[in-house]
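Peer 1: A predicted structure for the sequence below; I have some questions about it.
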Amino acid sequence: MTDPDFDQFILAKKGNQYEFFEVGQRFTHHWGRTFTAADSILFSTGTCNWTPMYVNAEYAKAHEHPDIVINPMLVLCTAVGMSVEDLSEGGGPFLGVNDIDFVQSVYPGDTITAHSEVLDKRESTSHPDAGIVTWRTEATNQNGESVLRYSRTNLIRKAAAA
């Protein structure tokens with residue numbers, strides 16, 4: 001078998017440029033994520049977060065939870081990841097996440113989905129080939145109940161620079 005000729009592959013354009021976004025525009029991110037106890041335990045131990053609520057079912061049940069609580073930082077990371085394809089995959093530095101509100105706990109077997117709205121966009125004064133866009137994202141569980149809300153900001157390339 002010969003090696004593939006990578007020059008024959010056409011690169012697919014990914015993500016949206018600054019001009020695409022309009023304040024008030026909404027995105028429903030196309031895929032969801034069902035969490036397992038193993039997800040929370042692996043994430044928590046891998047990040048050295050030994051909070052018993054995230055790794056010990058008996059401890060969580062003794063504190064009036066039906067099972068372990070999925071580590072909220074895993075829920076946040078997952079929700080951000082779900083939004084990347086629609087919002088920031090076009091490139092540009094991540095400038096921060098703000099106003100995080102962990103609305104309610106997520107448990108093994110819960111599936112979250114997310115949607116975002118453009119809150120603000122402005123030209124960058126330091127990077128003329130880019131603009132700054134801020135979105136508000138909400139994650140909901142399989143019952144349509146809000147579990148997480150946050151805003152995040154990225155520097156987004158303009159179409160001419162992409």
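Peer 2: Ah, there it is.
Peer 1: quick check, central residue of the chain?
Peer 2: Taking C-alpha atoms, centre = their mean, the centroid of the chain lies closest to Val80, which sits 0.9 Å from it.
Peer 1: and that residue, what does it touch?
Peer 2: By C-beta atoms under 8 Å, 6 or more residues apart in numbering, the contact list for Val80 reads 97, 137, 152. For glycine as for every other residue, the C-beta is placed from the backbone atoms N, C-alpha and C.
Peer 1: my read: Asn71 touches Tyr54, true?
Peer 2: Yes: counting by C-beta atoms under 8 Å, Tyr54 is a contact partner of Asn71 at 4.4 Å.
Peer 1: so what sits against both of the two?
Peer 2: 40, 44.
Peer 1: returning to what we had before: surely the residue nearest to the centre of the chain is within a helix?
Peer 2: Yes: the assignment for Val80 by DSSP: H, G, I helix; E, B strand; the rest coil puts it in a helix.
Peer 1: which of the three states applies to Pro128?
Peer 2: Per three-state DSSP, Pro128 ends up coil.
Peer 1: same check, this time on the one 3 residues further on
Peer 2: Using three-state DSSP, the structure places Gly131 in strand.
Peer 1: ok, it touching Thr125?
Peer 2: No: contact between Gly131 and Thr125 fails when scored by C-beta under 8 Å: they sit 10.4 Å apart.
Peer 1: and the two? which has more neighbours close in?
Peer 2: Ranked by neighbour count (other C-beta atoms under 10 Å), Gly131 and Thr125 place Gly131 first, with 20 against 7.
Peer 1: measure that one to Leu155 for me?
Peer 2: 8 Å (C-beta to C-beta, to the nearest Å).
Peer 1: give me the common contacts of these two.
Peer 2: With C-beta under 8 Å, 6+ apart, Gly131 and Leu155 have common neighbours Ser124.
Peer 1: fine by me, we can end here.
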